[in-house]
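Colleague: Below is the structure, and that's it, no one-letter string:
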């Protein structure tokens, strides 16, 4: 199955593309439900925010959406990935003055996660690989993902669905592919992403829905002790929506402690075009 | 001019290659002098050390060298770049169990740096962009280079040859494309690369030649104050050999304070096959 590369059907990109040479770019992973790209405007806005921070030319949103639909090709369910790089050129690390970004849009099958994890919860481990702190890259879904790769390579047991990562100071930041939330008696807490981590689109949905439901939520630095004393934990990303944690690093958590109204609201609002 | 991609002439790589998708790979930039790849064994060894750390299959050294010569094609002077990625496959960040790495080898023209910089010295600025600390990636010449790109994008003045980068704690680590050395009365000092930075091949040559010449050299954490009180500063990389600094952040330094015996030895040993 061919991909769309700058709007044209293809399979390959120039070897000198800065996306390959330096990881000089961004990406989005988008759920497709009922033939629609879910949370489209949020994904597009995050991509644009990333472009502004990396000074990559922002792609035309209408063209991008047209390409997304062309790749979906009326299939009801699946995943759209967008990769945007600064393109070729420049002298070494110096970006070229006139950029010709590379825009990759492609469809892939819906991942075969075991059914029912949103209710039953998942097993999660603690990764040894840390996240370096750098405010300049924090929050971005950039093409520099070696930390996540090294962390994800720490386990192969398919019964462990995710690994949590700490930053170099020891604060819990996120999963390798998901954001983290802690459920306490009265409120939700999620790690501050000011110095590292990826600011997930589904994380935004969780925060918005918590606000709508009147569930207090604070953004904080979270420690291992905060997780040990939590009533519940859950993860979010654009494909899973919410996964409660039923076990982290050998400790049991009750998936039922994640407010079911919140789970329902996120699973409902998180898989629509909008 | 075509590149060699896994030994075959070509211009492009699969769009799903993990090198593009995640920056999942390594590279080497090698000077070509008198038709030979300079410091070949050091470059090959660094690439292999990087492969071991990232658990990427090590390419056959003989095949790689044969490809390097094929790309040099008897041209006396130029640059060889090798890019090695984990190839395609895997589920998300999880590396595939059976890897088929992508090996890119290509020649480019010798960069037109102004003549005589090794004697006259260069102007250098201080970058605002910081280096995140992460021992898991420190020292590696990986394809995750967004920090260097953001730092290098801070200036366009062609009279400024390099920018120095601090880590998030404020220690001076390196230039965007070079390693840093401080010249004091009795000794040389160069930053510790235990938590960030790229361990340059020419940095090794500087350290070896300093040892051979009986010039003491220590590896330390270096502060802005250390630079302010230094007699001299210099930079190293595989293409420049040594560049003394004549101005850093508005302060003047005497390029003549860099021991000329060391400069001669590095420029002599650094541009030979070996």
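Modeller: Perfect, I can see it now. On a predicted model such as this, the values are computed, not experimentally measured, just so you know.

Colleague: Residue A:152 contacts residue B:96, doesn't it?
Modeller: No - here residue A:152 lies out of contact with residue B:96, judged by C-beta atoms under 8 Å, at a distance of 11.8 Å. Bear in mind the C-beta positions are built from the backbone N, C-alpha and C, glycine included.

Colleague: Have a look at those two and say which one is more surrounded.
Modeller: Ranked by neighbour count (other C-beta atoms under 10 Å in any protein chain shown), residue A:152 and residue B:96 place residue A:152 first, with 24 against 13.

Colleague: Distance-wise, check that one relative to residue B:24.
Modeller: Distance, residue A:152 to residue B:24, using C-beta to C-beta, to the nearest Å: 11 Å.

Colleague: Please enumerate the shared neighbours of these two.
Modeller: Residues touching both residue A:152 and residue B:24 (C-beta atoms under 8 Å, 6 or more residues apart in numbering or on different chains): residue B:95.

Colleague: okay, now residue A:117: neighbour count?
Modeller: 18.

Colleague: ok, and for stretch A:164-180, which residues are buried?
Modeller: Using 16 or more other C-beta atoms under 10 Å in any protein chain shown as the test for burial, stretch A:164-180 gives A:164-168, A:171-180.

Colleague: just stretch A:239-249 next, same as before
Modeller: Buried, per 16+ other C-beta under 10 Å, within stretch A:239-249: A:239-248.

Colleague: Tell me the one of those nearest residue B:202?
Modeller: Distance to residue B:202, by C-beta to C-beta, is smallest for residue A:239 among the buried residues of stretch A:239-249, at 44.5 Å.

Colleague: Grab the nearest non-local neighbour of the closest one.
Modeller: Among residues not flanking residue A:239 along the chain, residue A:31 sits closest, at 5.3 Å (C-beta to C-beta, 6 or more residues apart in numbering or on different chains).

Colleague: Residue nearest the middle of chain A, spatially speaking?
Modeller: The residue lying closest to the centre of chain A (C-alpha atoms, centre = their mean) is residue A:200, at 4.5 Å.

Colleague: so it sits right up against residue A:178, yeah?
Modeller: Yes - counting by C-beta under 8 Å, residue A:178 is a contact partner of residue A:200 at 7.0 Å.

Colleague: and the closest residue to residue A:246 other than its chain neighbours, how far is that from residue A:245?
Modeller: Here the nearest residue to residue A:246 in space, its sequence neighbours aside, is residue A:121; by C-beta to C-beta, 6+ apart that works out to 3.2 Å. Counting by C-beta to C-beta, the gap from residue A:121 to residue A:245 is 6 Å.

Colleague: which bits of the stretch 51-200 of chain A sit near chain B?
Modeller: With C-beta under 8 Å from any C-beta of the partner chain as the criterion, the stretch 51-200 of chain A comes near chain B at residues A:54-55, A:83, A:85, A:91-95, A:97, A:104, A:106, A:111, A:129-137, A:142-153, A:156, A:168, A:176-177, A:195-196.

Colleague: what about 6 Å?
Modeller: A:92-95, A:104, A:129-130, A:132-134, A:136-137, A:142-146, A:148-150, A:152-153, A:168, A:176-177 (C-beta under 6 Å from any C-beta of the partner chain).

Colleague: Quick check: neighbours shared by residue A:200 and residue A:178?
Modeller: Common neighbours of residue A:200 and residue A:178, using C-beta atoms under 6 Å, 6 or more residues apart in numbering or on different chains, are residue A:237.

Colleague: So residue A:68, which state does it fall into?
Modeller: Under DSSP: H, G, I helix; E, B strand; the rest coil, residue A:68 falls in the helix class.
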